[in-house]
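K.L.:
coords below, sequence missing:
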């Protein structure tokens, strides 16, 4: 309940009779909050107001299962509902009987996700056999991340059902898709307060903030973790969303004709312009299917293992992701390198040959790592160096910087090495050394628009406008040849025209 309302009511309670106090407290309830009305009923089950709260809760939960029959369960089912509805992310593990879970299942029996074939899946193999449009994401994620269909899976599904029922309770019959987005945003980000965790936490235990069970337990999740929760709830309220993946990120959007509503799950569902997600070398965004989303959770976990030099674990996680992400060039590249790093040279080289020269969907730049490795421009020690983990501390940046510098002495034509070395210098505000690293990249390959952009910006900071214009024009030439006109280049051009017009 709203703490401000409770404070006022409590302050007045000394002036009221018990009955009038209960009535005032009842009148202060949010009439659309399942959590509040059930909590009130638990406090005053035998009173007139308590019975009214129970009937209201029954209506909010869809009237599918009369709550007045709770006596048959000695109110255990009610306590189960309250524990799930009011869970704040720090509660002890919830364990319910089959009878209690069956009761909660009956409450959600009319939710739209029940129409999906995937809701009947009992194994991950059954999920993989389905078309993406047939998959129930919540069930698919739980089967993939927990294993066989079990009481644990049922418990987390019960949490999703009760969350969805609370969202539906705030909607009018026949509510528009936009109204559903507004209601879902309010519930996930305001009422339940799901948040993005600090970097120091998720960098250590990415699976805790990616996998659906942990996100539900902790109310913390990285972009992928909260997005999967959002999508699982959306399926339960018949909200049709698209899944979009800029490089290293994911969000959802709703499209109706020419109107597009982006939902940024790391920023409480705000609608950011699509151009926000584009970059110098990224001209369009890749859409993903529900099936691919399941694989991406294992992909996220694998990437952390890769950065920790736990290559055997990285291989296992990438292989878990592969059936969901068949043909994806990035997973093939990273799995290929992971194979090489555990000594599976034949498998690794075969995958790298498949993706050598590939351009990822929406990008205008060729991925250089596979080509440089296959052409002998870098060895496995150098590959280890570029995957070294960097956290928020200066020491990790310096450690990676030293490793890259040593590698580049022996392999001076390794393009990714020069980019990452430049980034490490810029992270330490050492722009002079960063500029030198980018110049070395340019000498090898003058056709990377991102490198050209940063060279232009850094020369501009040093008032060397002749070189700044030279690299900006080169970046514009490269992007224009791919029918791309990125915002960053437009803004840099405007700035240079002000300080050094042509």
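P.N.:
Right, received. Where do you want to start? Bear in mind the structure is a predicted one, so any value in this text is a computation, not a measurement.
K.L.:
What segments of the protein are strands?
P.N.:
Under the criterion DSSP state E, the chain carries strands at the ranges 242-245, 251-256, 259-263, 286-288.
K.L.:
Using CSV, lay out those together with mean neighbour count, distance to residue 211 and mean pLDDT.
P.N.:
The C-beta positions use only the backbone N, C-alpha and C, and glycine is treated the same way. CSV is the format used below for the strands of the chain (neighbours: other C-beta atoms under 10 Å; distance: least, C-beta to C-beta, whole Å; pLDDT from 0 to 100):
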stretch, mean neighbour count, distance to residue 211, mean pLDDT
strand 242-245, 20, 17, 98
strand 251-256, 18, 18, 96
strand 259-263, 16, 21, 96
strand 286-288, 16, 18, 97
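K.L.:
As TSV, those strands with distance to residue 194 would be great.
P.N.:
Conversion of the strands of the chain to TSV gives the following (distance: least, C-beta to C-beta, whole Å):
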stretch	distance to residue 194
strand 242-245	18
strand 251-256	14
strand 259-263	13
strand 286-288	21
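K.L.:
what about these, which gets the closest to residue 490?
P.N.:
When these are compared for distance to residue 490 using C-beta to C-beta, the nearest one is strand 259-263, at 20.8 Å.
K.L.:
Next, the angle strand 251-256 makes with the closest one.
P.N.:
Compare the direction of strand 259-263 with that of strand 251-256 by axes from the mean of the first three to the mean of the last three C-alpha atoms, to 10 degrees and you get 160 degrees.
K.L.:
Within the sheet, what are the partner strands of strand 259-263, with directions?
P.N.:
strand 251-256 (antiparallel) (DSSP bridges).
K.L.:
How far does the strand it pairs with sit from its chain's centre?
P.N.:
Centroid displacement of strand 251-256 relative to its chain, using C-alpha atoms, centre = their mean, to the nearest Å, is 15 Å.
K.L.:
Equivalent analysis for stretch 153-164, please.
P.N.:
On the basis of C-alpha atoms, centre = their mean, the separation between the geometric centre of stretch 153-164 and that of its chain is 19 Å.
K.L.:
Would you mind giving me the confidence score for the residue nearest the centre of the chain?
P.N.:
Among the residues of the chain, the smallest C-alpha distance to the mean C-alpha position (C-alpha atoms, centre = their mean) belongs to residue 224, namely 1.7 Å. Looking at residue 224, its pLDDT reads 94.
K.L.:
what sits against it?
P.N.:
210, 250, 293, 296-297, 300 (C-beta atoms under 8 Å, 6 or more residues apart in numbering).
K.L.:
Residue 251 versus that one, what's the distance?
P.N.:
Shown here: residue 224 relative to residue 251, a distance of 10 Å by C-beta to C-beta, to the nearest Å.
K.L.:
Ok, residue 316 next?
P.N.:
Residue 316 sits 28 Å away from residue 251, taking C-beta to C-beta as the criterion.
K.L.:
Run a quick neighbour tally on residue 492.
P.N.:
Residues lying near residue 492 (other C-beta atoms under 10 Å) number 21.
K.L.:
Now do the contacts for it.
P.N.:
453, 456-457, 460, 472.
K.L.:
try 7 Å
P.N.:
Residues in contact with residue 492 (C-beta atoms under 7 Å, 6 or more residues apart in numbering) are 453, 456-457, 472.
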